[in-house]
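In: I'll drop the sequence and a predicted model, then ask my questions.
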Amino acid sequence: MKRNPVFHIAMAMYSLIYFVPLLWMALSALKNNEQITMTPLSLPTTWDFGVFREAFTVGNLGKYALNSVIVTGTVTSSVLVFGSMAAFAFTRLKFRFSKQLLGLITLGLILPLQSYFIAQNALFDTLGIKDTRMALILPYTAMGLPLAIWLFRAYIQNLPKEIFEAARVDGAGDLRVYQTILLPMLKPGIATVAVFTTLSAWNEFLLALVYIQNDDLKTIPTGLLTFSTRYATNYQLLFAALTIVTVPMIIVYIIFNRKVIEGLTEGAVK
Amino acid sequence: MKPTARWIPYFLVAPAFAIFSLAILGPILATFGLSLTNWDGFSTPSFVGFDNFARAFQDKIYMDSYWHAAVYIAATLVLEVAVGLLLAGLVSAKRNTTFYRVAFFTPVMLPLVVISVLWSFILNPDIGLLNRLLGNAGLESWQRIWLGEQATALLSLSVISGWIYAGFYMAIFYAGFQRIPSTIIESARLDGATEWQLLRQIKIPMVKNLTEVAVLLCFTGGIQMFDLVYVLTNGGPYDTTQVPTTYLVRVVFRDQQMGYGSALAVILTVVVLLVGLIYNKVRTKEDAVVEY
């Protein structure tokens, strides 16, 4: 293959479509409101990073981040454990109604959130769990399970059957096989499922908007929206908040880019 | 295999199925039930038959919202799937393109709300990056109140969506291209095929099934799009960007019409399921015909 500078120059130019908005956001955080309004394209004149601390404290970003971590952590671990358990049973064990149960769960792959969230809202009202973290953990887990089970199934089907049969011959029960043989071999699948479950729970907005009114329990998306309506004209503070939310995610993404891209596209490719 | 004890498979499936039933399966059935009532969220609902559905088909805003979603989906098919395919062709044509692939995928993993707020600034008529760039380039006449004018609001949303998701489809197609046996690509290159011919005549035909998946994803994603529209226009100006999901949220949570809202939700569900069914039909047919 020939080296072709034109190709790389053109691609670099196109990349600007992605970099300029993000860079503009981060740099605007370092400019005061007057500079942002009058000269939105200029570079900042001072490099005072104190604004990030201010946005973090004024905007309660720490609290929102903590809520996001608690909700997302619980959801991802539940989806991994319950999803792999169910996928193991659906793929390797024969039992009555296994087809029907799997079929019902598969429905969750295509049904839109809107097809159930009105009654879900009423149910959570009755159960009194609105404005608790449970109101997010439950539906996020339920929404993550269908794709998790489906992907785990695909991974398990690719594992050689003989391994499971050999363990059986050695006298291991199914639960031991699940724990000691399946889980270690399922690691690549676990990483994939963990990535998409974590990101979709971390980013989910509609249910968080409807179920959580208490500011102390808001997650990052709804928290940030509250922040942006409260300080609608304090552009600098808002740009700082946006930067605080995105930059750590981008750093994690750059480190694990292969896993992240794989995790988010595997469902479509498989 | 037969389980070592009869209860084991049920024990393994129980937690997942219980959570799924409680949070999704039960509520779906209940939403279908509620759609036949006039429930307002507080008083006892009474049965009204199919009145809500009759009303929905007379509801101009709701019917128009499907039209808006259709325009949005048509636009994003080009701006996301077609652009994604082209980008995948570009980054698979050369080596050392990891940087571009990582860069183009960045918006996919960021929270939509955060991206929406960022874009509200980019398109802001006063401080916005876009109008300012246009002004500096001497294109003042092109400046718009992008999200506030009926002519540009829906299109702006589609473009933002393209900015976010083109990288997603690129990644899908790129993964597909990587699976094409390299002998095929190499021999075509030896025969003097250009990269463009490779893409058109070999790569794209060989990832046909992925293209179908991408179209389906673009459709189901588009008809369920909520975050972007809610944050940026919330259906305005004058309901010209009202999509089924934003209108649904307005009917249910602002107007407190749970019964009517449920009917709207049922219609949306049926539309999504119908498209899924049609997709499955079309796909299996083609699979039966195309053998190689």
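Out: Received it, and whenever you're ready, just let me know what you need. Residues are numbered from 1 along each chain as shown, chains lettered A, B, ... in the order given.
In: could you use CA atoms for every contact and neighbour count after this?
Out: Will do.
In: what residues of the one helix or strand B:S158 maps to count as buried?
Out: Per DSSP states H and E: B:S158 is located in helix B:153-179. Across helix B:153-179, burial judged by 16 or more other Cα atoms under 10 Å in any protein chain shown covers B:153-177.
In: what does the stretch 101-250 of chain A have sitting close to chain B?
Out: A:101, A:105, A:108, A:110-112, A:114-120, A:122-123, A:138-139, A:141-143, A:145, A:173-175, A:199, A:202-206, A:221-222, A:224-225, A:228, A:242, A:245-246, A:249-250 (Cα under 8 Å from any Cα of the partner chain).
In: of those residues, grab the buried ones for PyMOL.
Out: Typed into PyMOL, the line below selects the buried ones among those, using 16+ other Cα under 10 Å:
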select buried, chain A and resi 105+108+111+112+114+115+116+117+118+119+120+122+123+138+139+141+142+143+145+174+175+199+202+203+204+205+206+221+222+224+225+228+242+245+246+249+250
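In: check contacts around the residue lying closest to B:V13 once chain neighbours are set aside.
Out: Counting by Cα to Cα, 6 or more residues apart in numbering or on different chains, B:V13 lies nearest to A:A86, which is 4.3 Å off, once chain neighbours are set aside. Contacts for A:A86 (Cα atoms under 8 Å, 6 or more residues apart in numbering or on different chains) come out as A:I149, B:P9, B:L12, B:V13, B:A14, B:A16.
In: name the helix or strand of chain A that has the lowest mean pLDDT.
Out: helix A:33-38 (a mean of 80; mean pLDDT, DSSP states H and E).
In: which strands and helices sit next to the next helix or strand after it?
Out: Sequence-wise, the next helix or strand downstream of helix A:33-38 (DSSP H and E) is helix A:50-58. Under the contact criterion of 3 or more Cα pairs under 8 Å, 6 or more residues apart in numbering or on different chains; DSSP states H and E, helix A:50-58 touches helix A:235-255.
In: sorry, back to before: tell me which helix or strand the residue nearest to B:V13 sits in.
Out: Here A:A86 is assigned to helix A:61-92, by DSSP H and E.
In: check the contacts of A:A86 and tell me the two furthest apart.
Out: Maximum pairwise distance in the contacts of A:A86, criterion Cα to Cα, is 14.2 Å, between A:I149 and B:P9.
In: got the phi/psi numbers for A:A29?
Out: phi -60, psi -20 (degrees, to the nearest 10).
In: from A:W47, how far out is it?
Out: Counting by Cα to Cα, to the nearest Å, the gap from A:A29 to A:W47 is 10 Å.
In: have a look at those two and say which one is more surrounded.
Out: A:A29 (27 against 12; other Cα atoms under 10 Å in any protein chain shown).
In: touching, the more buried one and A:G50? I think so.
Out: No. A:A29 is beyond contact range of A:G50, at 10.2 Å (criterion: Cα atoms under 8 Å).
In: could I get the pLDDT score of the residue nearest to B:V13?
Out: Looking at A:A86, its pLDDT is 97.
In: for B:D287, same thing?
Out: Looking at B:D287, its pLDDT reads 50.
In: who's in contact with the most centrally placed residue in chain A?
Out: By Cα atoms, centre = their mean, chain A has its centre lying nearest to A:L199, at 1.1 Å. The neighbours of A:L199, taking Cα under 8 Å, 6+ apart as the test, are B:M109.
In: domain-wise, how is chain A divided?
Out: Per the record, chain A has its domains at A:5-48, A:61-210+A:262-269, by automatic domain parsing.
In: distance to B:T194 for those domains - can I get that in TSV?
Out: Conversion of the domains of chain A to TSV gives the following (distance: least, Cα to Cα, whole Å):
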stretch	distance to B:T194
domain A:5-48	14
domain A:61-210+A:262-269	27
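In: ok, of those domains, where does mean pLDDT dip lowest?
Out: That would be domain A:5-48, which, of all the domains of chain A, carries the lowest mean pLDDT at a mean of 86.
In: how far does that one stretch from one end to the other?
Out: End-to-end distance of domain A:5-48 (Cα to Cα): 38 Å.
In: mind checking pLDDT for B:I73?
Out: pLDDT at B:I73 comes out at 96.
In: list the buried residues for the helix or strand containing it?
Out: Using DSSP H and E, B:I73 sits within helix B:60-76. Residues B:61-62, B:64-76 are the ones in helix B:60-76 that count as buried (16+ other Cα under 10 Å).
In: what do you get for stretch A:232-240?
Out: Buried residues in stretch A:232-240 (16+ other Cα under 10 Å): A:Y235, A:Q236, A:L237, A:L238, A:F239, A:A240.
In: what about the residue nearest to the centre of chain A, which helix or strand?
Out: Short version, using DSSP H and E: A:L199 is in helix A:187-203.
In: so for that helix, what gets flagged as buried?
Out: Counting neighbours by 16+ other Cα under 10 Å, helix A:187-203 gives A:189-203 as buried.
In: quick one: that helix to chain centroid distance?
Out: Distance, stretch centre to chain centre, for helix A:187-203: 7 Å (Cα atoms, centre = their mean, to the nearest Å).
In: the helix holding B:I73: what's the following helix or strand?
Out: Next helix or strand after helix B:60-76 toward the C-terminus (DSSP H and E): helix B:83-93.
In: so who does the nearest residue to A:F52 once chain neighbours are set aside touch?
Out: Spatial nearest neighbour of A:F52, excluding adjacent residues (Cα to Cα, 6+ apart): A:A240 at 5.5 Å. By Cα under 8 Å, 6+ apart, the contact set of A:A240 is A:M25, A:A26, A:S28, A:A29, A:L30, A:V51, A:F52, A:A55.
In: now do A:S84
Out: Taking Cα under 8 Å, 6+ apart, we find A:S84 in contact with A:A148, A:I149, A:F152, A:L183.
In: give the contact list for the closest residue to B:F104 other than its chain neighbours.
Out: Counting by Cα to Cα, 6+ apart, B:F104 lies nearest to B:G167, which is 4.8 Å off, once chain neighbours are set aside. Shown in contact with B:G167 (Cα under 8 Å, 6+ apart): B:E80, B:G84, B:L87, B:R101, B:F104, B:F105, B:T106, B:P107, B:V108.
In: redo that, cut-off 7 Å
Out: Contact analysis of B:G167 by Cα atoms under 7 Å, 6 or more residues apart in numbering or on different chains lists B:G84, B:F104, B:F105.
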